[in-house]
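Colleague: 3D, please:
(2 chains, ligands or ions: 2)
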Amino acid sequence: MNTATGIIKALNSGIKHLAIKRFTLRYPEEKLKFVGDGYQFDPSTGVGIAGYKGRHMLFHDHCTGCQLCSIACEGVAEAIAMVKVPEEYKHNKKAIMPQIDYGKCVFCGLCVDACPFYALYMTNDYELSSFSKEGLIYTPAQLQVKPFVSQDSEIKITDRGATHG
Amino acid sequence: MTKELLPGLALQKVDERIMTLNVGPQHPGSGHMRIIVQIDGDFIVACDPDPGYVHRGEEKMAEYRNYITNIPHLERPVIHDSCNVLYPYVLGVEELLGIEVPERAKYIRVIASELNRCVYTMYWLAIYGIFLGHSTMFMWPAGDRELLIDLLEKMTGARVTHAHFVPGGVRNDLPPNFEDVCLRQVNYFEKRIKEYAAIFYDNPILIARTANTGVLSREDAIRLGTTGSVLRASGVDYDLRKKEPYDVYEELDFQTNVLKEGDSYARSKIPWLDMMESCRIIRHALQKMPKSGSVRVKLKPNPKGKGLNSVYKRVESGRGSLGCYIVSDGKPEPYRVKLSVPSFRNLIALPYLLKGEKLGNMPSVYWSLNYWPVEADR
Ligand code: SF4
Ligand code: SF4
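Modeller: Ligands and ions are numbered 1, 2, ... in the order given. Next up, the predicted model:
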């Protein structure tokens, strides 16, 4: 192939894209949809359930204050601290629950794997930015709240290229 | 010439004609490293790569964490290729602890690591494009990479640093309907990367710029101990997926790509050809994978190695052969973890390749070595 045809071919393959849909996710307006409600773990079989590894969610009525999540995180990021909570639940004798510092967390999900009582899951919420360091520390009460997410964009593949529909 | 200054710390005249020039460590074209080049006019007479700016002590950190909590930080050296970086470690720990991996988990691992190889290569290709001033080649791979990142996100729950492989299998099973989505997006991805031929690989301007620059002969490639795409671009057919198959690679149907030229052009073409093979591997693995079954064997908490024992495992990563040497002394923590990384091996060839080149060819020769600074420094 001589130089001129090569250059024309190259230009042509770029120009074709004027007619093809753009493959761009316009982030704050559009958000990608994930499978499921977040990463969960089933301690009885030892296998997780596929899902996005985002902010955690703590079920107060399951947590026994066993600290296994905190021990698991010690080797990773030391993001989990056990803090005192009001004595509401009988099964939580020491009245302690995990508090997660998202300034340190790397979203590996090993704490979810470690929890034997189905108390700690992960959710699809990843928008955690804050103006202060303290704002990144989520107390057990904050972790209990189920996040509101509206994510509905998916990759669609048509003859005219892929788009985030 | 002032004696007090370390070489390369200042712009200094070595003699009348030769000037020392620092490229990096903050240069956008060098990554987190410095290349000290000595130039005579426009020609490079000597070059001294100076890595080490992002040393994070991964190997030492691994001695204080147990076999499971080592996973999230051992994949940090190359976040775009995190499954492949973790692969030798996981294979090694499995051998140390004597774990049998379920068949389905092996296929999932192969799919994840091939997707990861493509994600890494697309990122590398995007940077290669921008090094050569080809901004379309920066935008396209960076965008098309999204197709595979989306698949990995569905599979593992994270866009980069997946922490998906564990000794004994993978962390979670595939989401429902994954096979169809994967097949559709991988097919489209393959169609897209084939389009790169016209705009980039067959583009006469690119060929004029990169062909016959930084030629590494077959003998030198072997003598310098290069690996991966650099070795295969110099005409040595060596791919660990074929030579020492791990997990289920021997059952899958694929070829290795070898080119004879050994120049920057060939070195940049091999990863692109490899991506097409990866698409074939993924399709074949999806077809052959057992449709159901366990994906992870249950381990006791804090698994221990049996007595004094050591193991060396290696895999073919996006850059070449990546090895992991693990010594256990019967404790829950490994006694020593050593990563033998392809980036560092390929970097060794840089001074030989750049000698006599023009300074303007330096970026293309340097990045065609498939070098990842963070991985070399660990
Ligand atoms: S996800 Fe990982 S880093 Fe974050 S709190 Fe859990 S164990 Fe720690
Ligand atoms: S969240 Fe789970 S692992 Fe953590 S303290 Fe509560 S019960 Fe224990």
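Colleague: what sits against the nearest residue to residue A:47 once chain neighbours are set aside?
Modeller: Excluding the flanking residues, the one nearest residue A:47 by C-beta to C-beta, 6 or more residues apart in numbering or on different chains is residue B:296, at 5.0 Å. For every residue, glycine as well, the C-beta is placed using N, CA and C. Residue B:296 makes contact with A:46-47, B:102, B:105, B:166, B:168-171, according to C-beta atoms under 8 Å, 6 or more residues apart in numbering or on different chains.
Colleague: these in helices, which ones?
Modeller: Among the contacts of residue B:296, the members found in helices (DSSP state H) are residue B:105.
Colleague: please name the bridge partners of the residue nearest to residue A:47.
Modeller: As for beta bridges, residue B:296 partners with residue B:169 under DSSP bridges.
Colleague: list the contacts for the residue positioned nearest the centre of chain A?
Modeller: By C-alpha atoms, centre = their mean, chain A has its centre lying nearest to residue A:54, at 1.6 Å. Residue A:54 makes contact with A:38, A:107, A:122-126, A:147, according to C-beta under 8 Å, 6+ apart.
Colleague: quick check on it: phi, psi?
Modeller: Main-chain torsions, residue A:54, degrees, to the nearest 10: phi -110, psi -150.
Colleague: what distance do you get for it to ligand 1?
Modeller: Residue A:54 sits 10 Å away from ligand 1, taking C-beta to the nearest ligand atom, to the nearest Å as the criterion.
Colleague: the lowest-mean-pLDDT helix or strand in chain A - contacts with which helices or strands?
Modeller: Ranked by mean pLDDT, DSSP states H and E, the weakest helix or strand in chain A is strand A:161-164, scoring a mean of 76. Packing partners of strand A:161-164 (3 or more C-beta pairs under 8 Å, 6 or more residues apart in numbering or on different chains; DSSP states H and E): strand A:155-158.
Colleague: which of the contacts of residue B:296 tops the neighbour count?
Modeller: residue B:171 (30 neighbours; other C-beta atoms under 10 Å in any protein chain shown).
Colleague: what sits against it?
Modeller: Residue B:171 touches A:47-48, A:109, A:113, B:156, B:163-165, B:296, counting by C-beta under 8 Å, 6+ apart.
Colleague: do that again at 10 Å, thanks
Modeller: A:39, A:41, A:46-50, A:53, A:108-110, A:112-113, B:71, B:105, B:108, B:155-157, B:162-165, B:295-296 (C-beta atoms under 10 Å, 6 or more residues apart in numbering or on different chains).
Colleague: just those residues: which are in strands?
Modeller: A:41, A:47-49, B:165 (DSSP state E).
Colleague: other SSEs contacting the longest helix seen in chain A?
Modeller: If you go by DSSP H, chain A has its longest helix at helix A:3-15. Applying 3 or more C-beta pairs under 10 Å, 6 or more residues apart in numbering or on different chains; DSSP states H and E, one finds that helix A:3-15 contacts helix B:135-156, helix B:178-196, helix B:204-210.
Colleague: hang on, the earlier thing: what pairs with the least confident helix or strand of chain A, parallel or antiparallel?
Modeller: strand A:155-158 (antiparallel).
Colleague: buried stuff in the strand it pairs with?
Modeller: Of all the residues in strand A:155-158, those buried under the rule 16 or more other C-beta atoms under 10 Å in any protein chain shown are A:155, A:157.
Colleague: give me the mean pLDDT for that strand.
Modeller: Strand A:155-158 comes out with an average pLDDT of 79.
Colleague: residues in contact with that strand?
Modeller: In contact with strand A:155-158 (C-beta under 10 Å, 6+ apart) are residues A:20-21, A:23, A:25, A:32-33, A:162-165, B:146-147, B:150-151, B:181, B:184-185, B:187-189, B:191.
Colleague: out of those residues, which end up buried?
Modeller: Neighbour counting with 16+ other C-beta under 10 Å marks A:23, A:25, A:32-33, A:162-164, B:146-147, B:150-151, B:181, B:184-185, B:188-189 as buried within these.
Colleague: of those, which pair is most distant in space?
Modeller: In terms of C-beta to C-beta, the buried ones among the contacts of strand A:155-158 reach their longest pairwise distance at A:33 and B:189, which sit 19.4 Å apart.
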